[in-house]
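1. Sequence and predicted model, in that order:
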Amino acid sequence: MWREAAEVVGGVPGESTQQAVGYPALFVLVALGALVPVIPTGALVSTAAVVAFHHQSLPFGLLLVFGVSALAAFTGDIALYWLGLRGVRSRGGSRRLESLRARATPERLERARAKLDEHGVLVLVLSRLVPAGRIPVMLACLLGGVPLRRFARGDAPACLAWAATYCLIGILGGSLFSEPWKGVVLAVGLTLLISVAPAVWRRLRPGRSQPE
């Protein structure tokens, strides 16, 4: 994926290289990002969309980015959920389940449980679009005994909506600038803003809600 970005900055399209290396790399990184949260998957998808917008025939390249990203996110989610189910069913638990618990505060987990009880697995769609919202809902599904097939039915449209959102960010960045690298910078900046905005809002909100 970063090789594609380097080709964009250097002004070398390298379309055959992008197809042979870029899409498999995008799939692997997004799938791993579902398992390891340190990988900025949203920025990767937006960057790939900018590259496809400028250097590949439309709309084929963008559709490939969308399809690969959605499938990779779904694959990663299902793998993580399957590992979590193994931990729930195990008498001694598992490291994977404990790592999921560590990534969701009790308050957020309780809110996720309430939303899951009210809306069912449809809440997965919203959780995929809200930064840091995926893990609490997934953990609530695990502790609530949601089977893998039911989780998969709710997660599939969630991954499609997630991939479409970040592809649209990439298309926006690509359409505003004739130079691809500027579109990449804008797309990455927007994804980072989306990622940090909820955390900043949560920090500012308690101060505003204090009684006078």
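-> Cool, got the structure. Residues are numbered from 1 along each chain as shown.

2. what are the ranges of the helices in the chain?
-> Using DSSP state H, the helices assigned to the chain run over residues 2-10, 15-17, 23-35, 41-55, 60-89, 95-102, 106-119, 123-129, 134-143, 148-176, 180-209.

3. Which of those helices comes out lowest on mean pLDDT?
-> For these, mean pLDDT drops lowest on helix 2-10, to a mean of 44.

4. Redo the helices of the chain as CSV? Include mean neighbour count.
-> For every residue, glycine as well, the C-beta is placed using N, CA and C. Rendered in CSV, the data for the helices of the chain read as follows (neighbours: other CB atoms under 10 Å):
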stretch, mean neighbour count
helix 2-10, 16
helix 15-17, 13
helix 23-35, 20
helix 41-55, 27
helix 60-89, 19
helix 95-102, 15
helix 106-119, 15
helix 123-129, 21
helix 134-143, 23
helix 148-176, 19
helix 180-209, 14
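
5. phi, psi of P37?
-> phi -70, psi 0 (degrees, to the nearest 10).

6. List the contacts of the residue nearest to A52 when sequence neighbours are not counted.
-> Beyond its immediate neighbours in the sequence, the residue positioned closest to A52 (CB to CB, 6 or more residues apart in numbering) is G61, lying 3.4 Å away. The contact partners of G61, taken as CB atoms under 8 Å, 6 or more residues apart in numbering, are V51, A52, F53, H55.

7. how near is the third one to L85?
-> If I follow you right, that is F53. 39 Å (CB to CB, to the nearest Å).

8. Over to the first one?
-> Going from V51 to L85 by CB to CB gives 36 Å.

9. go on, the last one?
-> Relative to L85, H55 is positioned 41 Å away (CB to CB).

10. And R113, by the same measure?
-> Using CB to CB, which is the criterion applied here, R113 is 17 Å from L85.

11. same question, I39
-> According to CB to CB, I39 stands 23 Å off from L85.

12. Give me the spatial nearest neighbour of F53, chain neighbours excluded.
-> Here the nearest residue to F53 in space, its sequence neighbours aside, is G174; by CB to CB, 6+ apart that works out to 3.4 Å.

13. Relative to V130, how far out is that neighbour?
-> From G174 across to V130, the span is 25 Å (CB to CB).

14. and what of L168?
-> Following CB to CB, the distance that separates L168 from V130 is 16 Å.

15. quick one: contacts for the closest residue to A72 other than its chain neighbours?
-> Taking CB to CB, 6+ apart, and ignoring the residues beside it in sequence, A72 has V30 as its nearest neighbour in space, at 3.7 Å. When contacts are counted by CB under 8 Å, 6+ apart, V30 touches I39, T41, L44, V45, V68, S69, A72, A73, G76.

16. For those residues, work out which two are farthest apart.
-> Spatially, the most separated pair among those is I39 and V68, at 15.2 Å (CB to CB).
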